[in-house]
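Got a sequence here, can you model it:
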Amino acid sequence: MKPQTNKEVDYVIKWMSLGHCARGPKWCEKCKEAAKLKKFYILQVDYGPGEGARPTIEIIKDKKRNFVYYNVIKGFESKSEAEEYANKRGFNLLKNTTVED
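Predicted coordinates:
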């Protein structure tokens, strides 16, 4: 994937929990607790190269599977709330981009 420009920013809505650290719920008690708090999150997709360890998600764009970095924008209790928030702000929401969709 090509690096995104300031004009080309994609967003996805994903049902997930946020991790506490890189060790994950298998080794970290705080991650175990965080894993129980699932919400619908609006994520800003970051196609660029990253420095250091950052969380990634798998998305499908242009019929290709990609592992991309993301930035969390906001969490919601329902998908409709997340979609409403994104639409009011003019976010370019990618549809059917995740493996789970």
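
Tell me who's in contact with Lys38.
In this structure, Lys38 makes contact with Trp15, Met16, Ser17, judged by CB atoms under 8 Å, 6 or more residues apart in numbering. Where C-beta positions appear, they are placed from N, C-alpha and C, glycine not excepted.

PyMOL command to pick out the buried ones of these?
This is the PyMOL syntax for the buried subset of the contacts of Lys38, where burial follows 16 or more other CB atoms under 10 Å:
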select buried, resi 16+17
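
can you list contacts of the helix or strand containing Phe67?
Under the assignment given by DSSP states H and E, the secondary-structure element containing Phe67 is strand 64-76. Counting by CB under 8 Å, 6+ apart, strand 64-76 makes contact with 1, 11-12, 18, 39-48, 50, 54-60, 82, 85, 99, all of which sit outside it.

Just name the closest of the contacts of Lys38 to Lys30, please.
Ser17 (11.9 Å; CB to CB).

what pairs with the residue minimising distance to the centre of the chain across the strands?
Nearest to the centroid of the C-alpha atoms of the chain, with distances taken as CA atoms, centre = their mean, sits Leu43, at 3.7 Å. Beta-bridge partners for Leu43, by DSSP bridges, are Val12, Val72.

any idea where the helices of this protein begin and end?
In order along the chain, the chain carries the following helices (DSSP state H): 29-34, 79-88.

Adding distance to Arg65 and pLDDT, write the contacts of Lys38 out as CSV.
Supplementary listing: the contacts of Lys38 in CSV, determined by distance: CB to CB, whole Å; pLDDT from 0 to 100:
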residue, distance to Arg65, pLDDT
Trp15, 19, 92
Met16, 18, 91
Ser17, 22, 90
